[in-house]
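Enquirer: Mind folding the following:
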Amino acid sequence: MIESYYWKEDLIRYAKTLKPVKNPPRWTERLVVNFEKNLIILFFMIRKLFETNRISKKSRHYKAKVFCYKPSGKKITKVNQVSIGEIYHLDKEHEIDKDIIFIANQLIHSCTIFAYRESDRNWGGVYACSDWERDKTIYRIPISEMIKIFQQVGNDYPTEISMIWDKKTNDYKVDTN
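Expert: Numbering: from 1, shown residues only. The predicted model follows:
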């Protein structure tokens, strides 16, 4: 991947489609599956942009406000992991700040992803957690934060890059402004 413009253009375009509308489409299984699938693909794109140093420190240090819920004590398995109301304390919400890569990994490696809508039928966001996090917490990632992330990364064009040889890794350490 040499040119990041086309990747970032997709992030900006998709962010626009997530904004609330007056008359959202009816809830269908296809709509939900495509919504979740697109989010996973977009966050994989974001991770790729990070890994190829196509973003600046501003995106690397960006913190999104997400919400977490501790497990209820019931054993979390592959069979019940979608029953989030039973296995997590959804009534005990804690706001935390997480960086973009952490959020991307929750979606890319999600053992649970559950889209939700607001009362006006617009997307509200997703509940998600990776296999590594499922026994600790599930995260609610609001759509407003995902839109901010897509816009942040989609509009992020570093103006400087430095490369320093690292003897330990036998490769260059790349840094952007």
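
Enquirer: Looks to me like residue 124 is in a strand.
Expert: Yes - secondary structure of residue 124 (DSSP: H, G, I helix; E, B strand; the rest coil): part of a strand.

Enquirer: in this protein, which spans are helices?
Expert: 5-18, 29-51, 57-60, 84-87, 100-108, 143-154 (DSSP state H).

Enquirer: List the contacts of the second one.
Expert: Contacting residues not belonging to helix 29-51 are listed as 1, 4, 7-8, 10-11, 14, 25, 55, 59-60, 100-101, 103-105, 107-108, 110, 113, 115, 123, 126, 146, 149-150, 153 [C-beta atoms under 8 Å, 6 or more residues apart in numbering]. Glycine gets a C-beta too; all of them are placed from N, C-alpha and C.

Enquirer: hmm, 7 Å instead?
Expert: With contact meaning C-beta atoms under 7 Å, 6 or more residues apart in numbering, helix 29-51 is reached by 1, 4, 7, 10-11, 14, 25, 55, 100-101, 104, 107-108, 113, 115, 123, 126, 146, 150, 153.

Enquirer: same thing with the last one?
Expert: Contacts to helix 143-154, defined as C-beta under 7 Å, 6+ apart, come from residues 8, 11-12, 14-15, 18-19, 39, 42, 46, 49, 55, 59, 62, 64-66, 100, 103, 123-125.
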